[in-house]
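Colleague: Structure for this input, please:
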Amino acid sequence: KQASKQASKQASKQASKQAREYYIDVLKGMAMLAVILVHFNNAWNAPIGILNKASAIGARCPQLFFIISAYLTWTALDKKPVGYIEFLKKRYKRMAPLYYVALVTAVLIPTFRVFDISLGNYISHIVFLNGLNPLWCNGIIGVEWYIADLALFYLMVPCLRKLITNLKTAVIAFLASVILSSGALVIVNYVFSVQMTENNAYEAYFHTSFIVYQIPVLIVGIVLYYLIKEIEKGRILRCLAVGIFGLAVMATSIGFVLLHLNKRYMTSSVIAGLLFGILFLLCSEIDNKFFAERVFKPFIFVGKHSYGIYCFHQIVINCLMRYTFNKENLLQWGMTYLGIATISCLIGCATEKMEKQLIV
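Modeller: Have a look, this model is predicted:
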């Protein structure tokens, strides 16, 4: 009887793990298509009513990527601990090849107008440190800030691993990171107020791309990792975890709106991170193979190749938007987006497969 109960518990745990793997790719796929949509809509630059507001959701989707990356990093390191240098080598091997190809491709395409870029800017991209400079952050492709911040996170992982060892320390680290990011926001609003008014690059960097603002989002992924572990061990009820997480999201969101904290004392990245966190928590426990294998199959494909797609989608947008379109025509808008999304997915998938072949 005891053995049967244990086997049932193990089977349930395995099913939950498989469900998470499915829905991580589903969420990544949906987020990637939303990111393509917002960048495409920005390039389209024409008012199409509610579609403009709907596409803006994609601007927050990198926060979902950060959460998933942090969650998967902690999962991998707990499953198979490695040394710091070995960890960085693996991350570099995963990130660098496609990123470098995308950078070279952008440099060779005249529409990017990158021939006046300084040598320091190029070097910063090569060593993944462009995220430390507001003018270099998106200096070549135009969307590489996410990759730069992710690389900076990987550099912090050894330190974070020593500080964050369980759910309690993860929650404390999240609260401390929110305070740190809020303090940093107050300082940069004062020190760089003139630059942010005169240059959109400063405004975008100091209100979104600055790594300090993404650390709380990344730590949300670590919190979720330990929270799911506690749920699997039976120490925390799933419904209680979802309820507490939901209340935290609601309280933070209400305070954010009522107190007008946006860009004054808190960035919207924190709210987006919490919202995506509860979405991840809910999806991680869904075990429905019909939806995962049929309805969500296209999203799974996109999610599995999301990094390659991210590296090249802005290049595809820049190239196709050189052609003349009737920007008031909704049908052309939709068909152009589908074309850009399809080409980006094909290029991302093809380059990832080529990379694997060359590495092997």
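Colleague: Helices along the stretch 101-250 of the chain, start to end?
Modeller: For the stretch 101-250 of the chain, the helices defined by DSSP state H, counting those that start in this stretch cover 119-126, 145-163, 167-191, 193-198, 200-204, 211-232, 238-258.
Colleague: Of the ones you listed, flag the one that's most buried.
Modeller: Among those, helix 211-232 has the highest mean neighbour count (mean count of other C-beta atoms under 10 Å), at a mean of 23. (Each C-beta comes from the backbone N, C-alpha and C, glycine too.)
Colleague: Next, the angle from it to helix 238-258.
Modeller: Following axes from the mean of the first three to the mean of the last three C-alpha atoms, to 10 degrees, one obtains 160 degrees for the angle between helix 211-232 and helix 238-258.
Colleague: how about the CA coordinates for helix 211-232, as CSV?
Modeller: As requested, the backbone C-alpha atoms of helix 211-232 are provided in CSV (Å, rounded to 0.1, in the frame of the first residue of the first chain):
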residue,chain,number,x,y,z
ILE,A,211,20.0,45.6,-15.3
VAL,A,212,19.2,46.9,-11.8
TYR,A,213,15.5,47.0,-12.8
GLN,A,214,15.5,43.5,-14.1
ILE,A,215,17.2,41.8,-11.1
PRO,A,216,13.8,41.7,-9.2
VAL,A,217,12.2,40.1,-12.2
LEU,A,218,15.0,37.5,-12.5
ILE,A,219,14.7,36.7,-8.8
VAL,A,220,11.0,36.1,-9.3
GLY,A,221,12.1,33.1,-11.4
ILE,A,222,14.2,31.9,-8.5
VAL,A,223,11.3,32.4,-6.0
LEU,A,224,9.1,30.3,-8.3
TYR,A,225,11.8,27.5,-8.5
TYR,A,226,11.9,27.1,-4.7
LEU,A,227,8.1,27.6,-4.4
ILE,A,228,7.4,24.8,-6.8
LYS,A,229,9.9,22.6,-5.0
GLU,A,230,8.0,23.2,-1.7
ILE,A,231,4.7,22.4,-3.4
GLU,A,232,6.1,19.2,-4.8
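Colleague: pLDDT (mean, whole number) over that helix?
Modeller: Helix 211-232 shows a mean pLDDT of 92.
Colleague: How about stretch 261-281?
Modeller: 84.
Colleague: And it, what's buried?
Modeller: Going by neighbour count (16 or more other C-beta atoms under 10 Å), the buried part of stretch 261-281 is 261, 266-281.
Colleague: Helices - which of those residues land there?
Modeller: Using DSSP state H, the members of the buried residues of stretch 261-281 that fall within helices are 268-281.
Colleague: Is it possible to get TSV of those residues that adds distance to residue 208?
Modeller: Converted to TSV, these look like this (distance: C-beta to C-beta, whole Å):
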residue	distance to residue 208
268	8
269	6
270	11
271	13
272	10
273	12
274	16
275	16
276	15
277	18
278	21
279	20
280	21
281	24
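Colleague: so where's the stretch 251-360 of the chain uncertain?
Modeller: For the stretch 251-360 of the chain, the stretches with pLDDT under 70 are 284-295, 359-360.
Colleague: Which of the ones in helices among the buried residues of stretch 261-281 sits closest to residue 140?
Modeller: Nearest to residue 140, judged by C-beta to C-beta, of these is residue 269 at 22.8 Å.
Colleague: mind listing what the spatially closest residue to the closest one that is not a sequence neighbour touches?
Modeller: Leaving aside its sequence neighbours, residue 269 sits nearest to residue 213 (C-beta to C-beta, 6 or more residues apart in numbering; 5.1 Å). Taking C-beta atoms under 8 Å, 6 or more residues apart in numbering as the criterion, residue 213 is in contact with 181, 184-185, 207, 267, 269-270.
Colleague: at 7 Å what do you get?
Modeller: 181, 267, 269 (C-beta atoms under 7 Å, 6 or more residues apart in numbering).
Colleague: With residue 273 instead?
Modeller: When contacts are counted by C-beta under 7 Å, 6+ apart, residue 273 touches 63, 67, 216-217, 220.
Colleague: do the same with residue 121
Modeller: Residues near residue 121 by C-beta under 7 Å, 6+ apart: 136, 139.
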